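**Q** When you get a sec, could you give me coordinates for this:
(chains A, B and C)
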Amino acid sequence: MSKLLEIALGLVTGIGGFLEAGSLATAAQAGAAFGFQLIWAIALGTIAIAVLVEMGGRLAAVSQHTLPDAMRERFGIRFFLVPLVAVVVVSFLVLASEVGGVCLALQFTTGISFRWWAVPVAVALWLFLWKGTFGMVEKGASMLGLVTLSFVVGALKLHPPLADVGAGLVPSLPAHDTAQYWFMGVSILGASVSPYLFYFYSAGAVEDGWDESYLGINRVVAGLGMTFGGTIAVAVVACATLVLHSLGIQVDRYEQLPLLLSVPLGLWGFRLFAASLAIACFGAALEIALQLAYLVAQGFGWRWGENVRPREAARFALVYTVALPLAGLLIVTGVDVLKLTIFSMALTALSLPVTVVPLLVLMNDPDYLGDRTNGWLSNGAVLAVCVLACVVALVTIPLKIMGS
Amino acid sequence: MELGREVLDQQVIDARGIHMGKVDGVILSLGDGPARVSALVIGGTTLLWRIHAGLARWVERRRGGQGHVDRIPWDQVMKIGVDIKVNFEAERSPALHWERWVRDRIIGRIPGA
Amino acid sequence: MSAPQEIRLERLLGKLVLDAAGWPVGRIEEVLAQPEGDAYLLTHVVIGPDSRLAQWLAAAHQLPTLRALGLSRRPSIRKVPWTWLDLTDPDKPRLHRAVLGDQGGAAH
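**A** Predicted coordinates:
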């Protein structure tokens, strides 16, 4: 298909696929507690993920290797195991959070407890992967995710003072609850810079048959797609600020989140919120489950691919066939989905050096990237964000655990 | 050629383009003439030996062997580039034993596979 | 001539090498081979730093940012002919020569 169409589709995928349980929950909490003050964390996270996603795409297009493939081959099994285990553990928790998000959306709409929805949702996700193709997952789910633009509509209806929004882009110190502020900042970073995003994107580039001629498209899709997606997260912050912060309401229960849209948009706002939550989390869950399968299968050299029948790539299919029911089981236990979501975001931030540094090393290896290796700016910037995220997470997570 | 970097852990693909696995081990043959590369090893406990020798020994004792290992003689290796291509069809290879097992016992039993 | 012996490359990599005098030379990082006819003959062994710290600094050297910040060090590696290697005990490789103290091996 024409390159322009590819760009358009890629952008839609990036925008529609950006918001998920993590970015929604962290943005809502941050807005309710600190108003516009943490928007800089979203901006920083968005820039970082755009850069990382572009790298993942470039690696795949130039070397014709996906990230897990290249990691095993370049680092050997012992060094590969460390990021493998880290990404698997973190991804699983995020997967469970997404499943929980879908279940809660269904609870809001039907009144039936989210725990009853866990198994049907896990089965539905599994069926989608079992029967679907990569295109359906990547593009279908993300295009439906455009419904999350409702947050932009809701935010605009609330007439946010743009000067304050702009001021939020500059990091500032909070007037109160410093530890909480930094914990939320780091959770936002973890929600934006999710490893599953660039691992999935790099596998997608290979599934879609990208080569060096796609490098330009890759840059546009990664950059613009993530940026536009990030503005939806900013819109969530705006809604939370104008609806909850002004009333002094903190977000500590999922049930408070529909207010973000039901206040500006009435009953339709409530419906749009439920639809956004369900679709965004469903799409993210599909991607994470697939990404887990890619990671394990490619790391061990098994046959893999979403476009082939499950029996042609049996062990690959086994990974998501096991991961999804396990994630569903976690939700059936009645765990607090909001706490799980926020915690897995913070854990993601903590593990960033382990999950990102292998990618960085590969991006500087001419054996894989030829003359398309990283510039010093991208290296330095990504490294700085990872170190920052990890350090802040190391400090604030224990404080948060002790405090609650 | 750097054996660790270019051979070990690389993807092995059979004559039909099927992924067989990564090179888990390489056998070097000494003593009978000059030292040379003798074979590639995929599967079984080979990988486990590189992660934790003690665990590998324990598993081998319990299972009474190295498991389903494919030893690919070096002369069947055709190309070393982005991947390693070998000169035969892997359908019956022990390297794919677990793939076949999962397909026949688990995945293949679910409708729609 | 010794009987044909089989050595696993993946178990050789990372092993500590002592020289003939018993001094630690470093850990085996790589084995080099050259094609000759149909066979690939082993030519050299690359021996890298021994201590964990030196290994980490060498690994950090691959990231230009860390290099620029001075947080890494070029690894000190030696390329030694394969024939110098004594593998009568494959778990404890030794060199037939006393390398440290004289100028044996190409040290960088």
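
**Q** So is the longest strand seen in chain B next to chain C?
**A** In chain B, assigned by DSSP state E, the strand with the most residues is strand B:36-43. Yes - residues of strand B:36-43 contacting chain C under C-beta under 8 Å from any C-beta of the partner chain: B:Arg36, B:Val37, B:Ser38, B:Val41. Backbone N, C-alpha and C define where each C-beta goes, glycine included.

**Q** Does the residue nearest to the spatial centre of chain C belong to a helix, a strand or coil?
**A** Of all residues in chain C, the one closest to the mean position by C-alpha atoms, centre = their mean is C:Ile47, 1.9 Å from it. Look at C:Ile47: counting by DSSP: H, G, I helix; E, B strand; the rest coil, its state is strand.

**Q** wait, it sits on C:Leu32?
**A** No - assessed by C-beta atoms under 8 Å, C:Ile47 is found out of contact with C:Leu32, at 11.8 Å.

**Q** Give me the common contacts of these two.
**A** Counting by C-beta atoms under 8 Å, 6 or more residues apart in numbering or on different chains, the shared contacts of C:Ile47 and C:Leu32 are C:Lys79.

**Q** Now do the contacts for the closest residue to A:Phe151 other than its chain neighbours.
**A** In space, and not counting its chain neighbours, A:Phe151 is closest to A:Ala235: 4.2 Å by C-beta to C-beta, 6 or more residues apart in numbering or on different chains. A:Ala235 makes contact with A:Phe151, A:Val152, A:Gly154, A:Ala155, according to C-beta under 8 Å, 6+ apart.

**Q** Now secondary structure, neighbour count and pLDDT too, for those residues, in a markdown table please.
**A** Formatted as a markdown table, these follow (DSSP: H, G, I helix; E, B strand; the rest coil; neighbours: other C-beta atoms under 10 Å in any protein chain shown; pLDDT from 0 to 100):
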| residue | secondary structure | neighbour count | pLDDT |
| --- | --- | --- | --- |
| A:Phe151 | helix | 30 | 94 |
| A:Val152 | helix | 17 | 94 |
| A:Gly154 | helix | 25 | 94 |
| A:Ala155 | helix | 27 | 93 |
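
**Q** from those, which two are the most distant?
**A** Largest separation among these by C-beta to C-beta: A:Val152 and A:Gly154, giving 7.3 Å.

**Q** For the stretch 301-404 of chain A, which residues are neighbours of chain B?
**A** For the stretch 301-404 of chain A, the contact set with chain B under C-beta under 8 Å from any C-beta comprises A:Gly301, A:Trp302, A:Arg303, A:Trp304, A:Arg309, A:Pro310, A:Arg311, A:Ala314, A:Arg315, A:Ala317, A:Leu318, A:Thr321.

**Q** ok, now with 7 Å
**A** A:Gly301, A:Trp302, A:Arg303, A:Arg309, A:Pro310, A:Arg311, A:Ala314, A:Arg315, A:Ala317, A:Leu318 (C-beta under 7 Å from any C-beta of the partner chain).

**Q** Once you drop chain neighbours, what's closest to the last one?
**A** Among residues not flanking A:Leu318 along the chain, B:Val102 sits closest, at 5.4 Å (C-beta to C-beta, 6+ apart).

**Q** Run the chain-centre distance for the helix or strand the one you found falls within.
**A** Per DSSP states H and E: B:Val102 is located in helix B:97-105. Chain-centre distance of helix B:97-105: 16 Å, with C-alpha atoms, centre = their mean, to the nearest Å.

**Q** One more: stretch A:262-272?
**A** 25 Å.

**Q** so what pLDDT did C:Leu100 get?
**A** For C:Leu100, the model assigns a pLDDT of 65.

**Q** do stretch B:18-32 and chain A meet at all?
**A** Yes - residues of stretch B:18-32 are located near chain A by C-beta under 7 Å from any C-beta, namely B:Ile18, B:His19, B:Gly21, B:Lys22.

**Q** swap that for stretch C:45-55, please
**A** No - contact of stretch C:45-55 with chain A is not found when judged by C-beta under 7 Å from any C-beta; the minimum separation is 10.9 Å.

**Q** Report the helix or strand with the lowest average pLDDT across chain C.
**A** Every helix and strand of chain C was ranked by mean pLDDT, DSSP states H and E. The lowest is strand C:106-107, at a mean of 47.

**Q** quick one, longest helix in the chain?
**A** Assuming you mean chain A. Determined from DSSP state H, the single longest helix within chain A is helix A:67-110.

**Q** try chain C instead
**A** Chain C, longest helix under DSSP H: helix C:52-60.

**Q** who does that helix touch, helix- and strand-wise?
**A** Contact here means 3 or more C-beta pairs under 7 Å, 6 or more residues apart in numbering or on different chains; DSSP states H and E; on that basis helix C:52-60 packs against no helix or strand.

**Q** which residues touch it?
**A** Defining contact as C-beta atoms under 7 Å, 6 or more residues apart in numbering or on different chains, one finds that helix C:52-60 is touched by C:Gly48, C:Pro49, C:Leu66, C:Leu71, C:Ser72, C:Arg73, C:Pro75.

**Q** mean confidence score for that helix?
**A** pLDDT averaged over helix C:52-60 gives 77.

**Q** What residues sit buried inside it?
**A** Counting neighbours by 16 or more other C-beta atoms under 10 Å in any protein chain shown, one finds that the buried residues in helix C:52-60 are C:Ala54, C:Gln55, C:Leu57, C:Ala58, C:Ala59, C:Ala60.

**Q** same check, this time on stretch A:309-321
**A** Of the residues in stretch A:309-321, those buried (16+ other C-beta under 10 Å) are A:Pro310, A:Arg311, A:Glu312, A:Ala313, A:Ala314, A:Arg315, A:Phe316, A:Ala317, A:Leu318, A:Val319, A:Tyr320, A:Thr321.

**Q** So which of the residues you listed are in strands?
**A** Using DSSP E, no member of these falls within strands.

**Q** ok, so of those residues, who is nearest chain C?
**A** A:Arg315 (22.1 Å; C-beta to the nearest C-beta).

**Q** and of the residues of stretch B:18-32 next to chain A, the nearest to A:Gly145?
**A** B:His19 (31.8 Å).

**Q** residue contacts, that closest one?
**A** B:His19 is in contact with A:Gly301, A:Trp302, A:Arg303, B:Gln11, B:Ile13, counting by C-beta under 7 Å, 6+ apart.

**Q** Neighbour-wise, give me the winner out of those.
**A** A:Gly301 (25 neighbours; other C-beta atoms under 10 Å in any protein chain shown).

**Q** Would you format the residues of strand B:36-43 next to chain C as TSV with neighbour count included?
**A** Output for the residues of strand B:36-43 next to chain C, formatted as TSV (neighbours: other C-beta atoms under 10 Å in any protein chain shown):
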residue	neighbour count
B:Arg36	18
B:Val37	22
B:Ser38	21
B:Val41	23
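
**Q** Out of these, flag the one nearest to chain A.
**A** For the residues of strand B:36-43 next to chain C, the minimum distance to chain A (C-beta to the nearest C-beta) is 12.7 Å, reached by B:Val41.

**Q** Tell me if I'm right that the closest one and B:Gly21 touch.
**A** No - using C-beta atoms under 7 Å, B:Val41 makes no contact with B:Gly21, being 10.0 Å away.

**Q** Residues of chain B that sit close to chain A?
**A** With C-beta under 7 Å from any C-beta as the criterion, chain B meets chain A at residues B:8-12, B:18-19, B:21-22, B:47, B:50-51, B:82, B:98-99, B:102-103, B:106-108, B:112-113.

**Q** Get me the contact residues on chain A for chain C.
**A** Residues of chain A lying near chain C (C-beta under 7 Å from any C-beta): A:Leu360, A:Val361, A:Asn364, A:Trp376, A:Asn379, A:Gly380, A:Leu383.

**Q** Measure how the helix or strand that contains the first one sits relative to helix C:52-60, angle-wise.
**A** This means A:Leu360. In this assignment (DSSP H and E), A:Leu360 forms part of helix A:337-363. Put simply, helix A:337-363 runs at 80 degrees to helix C:52-60, going by axes from the mean of the first three to the mean of the last three C-alpha atoms, to 10 degrees.
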